[in-house]
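Novice: generate coordinates for the sequence data below:
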Amino acid sequence: MSYQHILVAVDLSEDSKLLIEKAVALAKPLEAAVSFVHIDVNYAELYTGLIDINLAETQHQAIQASQSQLQEFAEHANYPIKHTLVGSGDLGNELCDTIQEFSIDLVVCGHHQDFWSKLLSSTRQLINCSPVDMLVVPLKD
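Specialist: Predicted coordinates for the structure are as follows:
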């Protein structure tokens with residue numbers, strides 16, 4: 001199978017660079033497009049009580065910081081990056097919507113092999129909802 005558009009799901013940590021390198025290594029011989037996505041926290045869903053902060057401004061600043069980090073990753077990739085996307089909300093829903101909207105046919109994501117990831121794995125959530133192939137890269141701590 002020849003992939004046309006590879007989506008790299010990043011968490012903005014240094015581990016993301018390994019995922020990007022794997023995706024680019026796959027994309028180059030196929031001349032496939034590569035895009036990045038980071039799903040951020042939706043602050044409005046975290047707290048429903050009274051709070052004296054501007055949630056819209058906080059969310060906007062978080063998105064700008066994430067977009068800036070994605071641009072740094074794009075420079076690190078040394079390969080044309082088609083889209084750098086930042087979303088917020090439920091990881092599974094947001095990723096599946098992105099896959100549909102941008103005609104993604106492969107998702108590259110990482111999985112930490114530690115105690116907490118055995119209990120709380122976002123990768124497992126993605127596997128259960130992804131309509132396309134996935135490359136899960138083990139990340140050792």
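
Novice: mind listing residues that contact the helix ranked longest in the chain?
Specialist: With DSSP state H setting the assignment, residue counts place helix 55-77 as the longest helix in the chain. For helix 55-77, contacts defined as Cβ atoms under 8 Å, 6 or more residues apart in numbering pick out 10, 12, 16-17, 20-21, 24, 34, 36, 38, 40-44, 81, 84-86, 88. Placement of C-beta: from N, CA and C, glycine included.

Novice: so Val107 touches Pro131, yeah?
Specialist: No: the pair Val107 / Pro131 is not scored as a contact, 9.7 Å apart, by Cβ atoms under 8 Å.

Novice: where along this structure do the strands fall?
Specialist: For the chain, the strands defined by DSSP state E occupy 5-9, 33-40, 81-88, 106-112, 133-139.

Novice: and those as a markdown table, adding mean pLDDT, distance to Gln125 and mean neighbour count?
Specialist: Shown next, in a markdown table, are the strands of the chain (pLDDT from 0 to 100; distance: least, Cβ to Cβ, whole Å; neighbours: other Cβ atoms under 10 Å):
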| stretch | mean pLDDT | distance to Gln125 | mean neighbour count |
| --- | --- | --- | --- |
| strand 5-9 | 97 | 11 | 25 |
| strand 33-40 | 94 | 11 | 22 |
| strand 81-88 | 93 | 15 | 18 |
| strand 106-112 | 88 | 10 | 22 |
| strand 133-139 | 91 | 12 | 15 |
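
Novice: buried ones in stretch 68-83?
Specialist: Across stretch 68-83, burial judged by 16 or more other Cβ atoms under 10 Å covers 69-70, 73-74, 77, 79, 81, 83.

Novice: which of those sits closest to Gln4?
Specialist: His83 (13.6 Å; Cβ to Cβ).

Novice: quick one: that closest one from His112, how far?
Specialist: 25 Å (Cβ to Cβ, to the nearest Å).

Novice: who's in contact with Met134?
Specialist: 106-109, 126-127.

Novice: just give me the closest of these to Glu94.
Specialist: Leu126 (10.4 Å).

Novice: hmm, that closest one is touching Leu91, no?
Specialist: Yes: counting by Cβ under 8 Å, Leu126 does reach Leu91; the two are 6.8 Å apart.

Novice: send me stretch 64-75 as PDB with only the CA atoms.
Specialist: Provided in PDB are the C-alpha atoms of stretch 64-75 (Å, rounded to 0.1, in the frame of the first residue of the first chain):
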ATOM      1  CA  GLN A  64      -0.300  30.100  19.700                       C
ATOM      2  CA  ALA A  65       2.300  28.400  21.800                       C
ATOM      3  CA  SER A  66       1.400  25.000  20.300                       C
ATOM      4  CA  GLN A  67       1.500  26.400  16.800                       C
ATOM      5  CA  SER A  68       5.000  27.900  17.400                       C
ATOM      6  CA  GLN A  69       6.300  24.600  18.700                       C
ATOM      7  CA  LEU A  70       4.800  22.800  15.600                       C
ATOM      8  CA  GLN A  71       6.700  25.300  13.400                       C
ATOM      9  CA  GLU A  72       9.900  24.400  15.200                       C
ATOM     10  CA  PHE A  73       9.200  20.700  14.600                       C
ATOM     11  CA  ALA A  74       8.500  21.500  10.900                       C
ATOM     12  CA  GLU A  75      12.000  23.000  10.600                       C
END
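
Novice: appreciated, that's everything.
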